[in-house]
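Q: Mind folding the following:
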Amino acid sequence: MRLHLGVAFCDLVLQAVLVDAEFLAQLWIGSAEDLDGEQGGVDRARAAERHGGDRDTGRHLERGVERIKTVERLIAGAVMIESNHHKTHVVLGARVTVRDIEFDETDTYVIVGSAEANPAEGRISNESPMGRALMGGRVGQHKQINTPGGTINVDIVEIE
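A: Numbers count the residues shown, from 1 in each chain. Just a heads-up that it's a prediction; the model follows:
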């Protein structure tokens, strides 16, 4: 088994990847544009290989083919997150505002599947320590979150 783009693949099983509609649309549009370029590179690499291409050509060919397969598998394994979530508790797709008790600061996160997580943009995976701790939480609830950097104590302030 190998991990690639946050998706686990093996010959017989494709793990479901939780995504929202926006991410899937971006992936679909982006992959069409990227893969057109990749496919062009693959076609050029194959032609060069037929005419005695070097090892770099073969590596480019392998990378291009692998990228195409990975995107196809990611799209095939996508499971859509419903956007009509409850505002009473934290679910996938929810925007959650929490207050760090120690520093008296608020942060807002969107809970997403691992494939679209980007902590720098406030998009945290439901599989991360913070995401796991917040899932199912309600406004006013206190959460103690064990992270690799230590324990964080937060209160859930708002769920959108």
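
Q: Please count neighbours and contacts with C-alpha atoms only from this point.
A: Noted.

Q: can you list the residues that contact stretch 97-113?
A: Under the criterion Cα atoms under 8 Å, 6 or more residues apart in numbering, residues 17-20, 91-96, 122-127, 131, 152-159 lie in contact with stretch 97-113.

Q: if you set the cut-off to 6 Å instead, what comes out?
A: Stretch 97-113 is contacted by residues 18-19, 92-96, 122-126, 153-158 when judged by Cα atoms under 6 Å, 6 or more residues apart in numbering.

Q: gap between G150 and A120?
A: According to Cα to Cα, to the nearest Å, G150 stands 19 Å off from A120.

Q: Oops, could you answer that again for F103 instead?
A: Using Cα to Cα, F103 is found at 19 Å from A120.

Q: One more: I68?
A: Counting by Cα to Cα, the gap from I68 to A120 is 27 Å.

Q: Looking only at neighbour counts, state which of the two leads.
A: I68 (18 against 7; other Cα atoms under 10 Å).

Q: any idea which element the more buried one lies in?
A: helix 55-76 (DSSP states H and E).

Q: In terms of helix, strand or coil, where does the closest residue to I156 other than its chain neighbours fall?
A: Closest residue to I156 apart from its sequence neighbours, by Cα to Cα, 6 or more residues apart in numbering: V98 at 4.5 Å. At V98 the chain is in strand, as set by DSSP: H, G, I helix; E, B strand; the rest coil.

Q: what's the longest strand along the chain packed up against?
A: Across the chain, the longest stretch assigned as strand under DSSP state E is strand 150-159. Packing contacts for strand 150-159, counted by 3 or more Cα pairs under 6 Å, 6 or more residues apart in numbering; DSSP states H and E, involve strand 95-100, strand 142-147.

Q: so which of those gets nearest S114?
A: strand 95-100 (15.6 Å; Cα to Cα).

Q: just to revisit the earlier point, and the angle from the longest strand of the chain to strand 142-147?
A: Relative orientation of strand 150-159 and strand 142-147, computed by axes from the mean of the first three to the mean of the last three Cα atoms, to 10 degrees: 140 degrees.

Q: Report the backbone C-alpha coordinates of strand 150-159 in CSV.
A: Output in CSV follows, covering the C-alpha atoms of strand 150-159 (Å, rounded to 0.1, in the frame of the first residue of the first chain):
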residue,chain,number,x,y,z
GLY,A,150,0.7,19.9,24.1
THR,A,151,-2.8,20.2,25.5
ILE,A,152,-5.1,23.0,24.3
ASN,A,153,-8.2,24.0,26.2
VAL,A,154,-10.9,25.7,24.1
ASP,A,155,-14.6,26.6,24.4
ILE,A,156,-16.8,26.3,21.3
VAL,A,157,-18.1,29.8,20.7
GLU,A,158,-20.1,29.5,17.4
ILE,A,159,-21.0,26.9,14.8
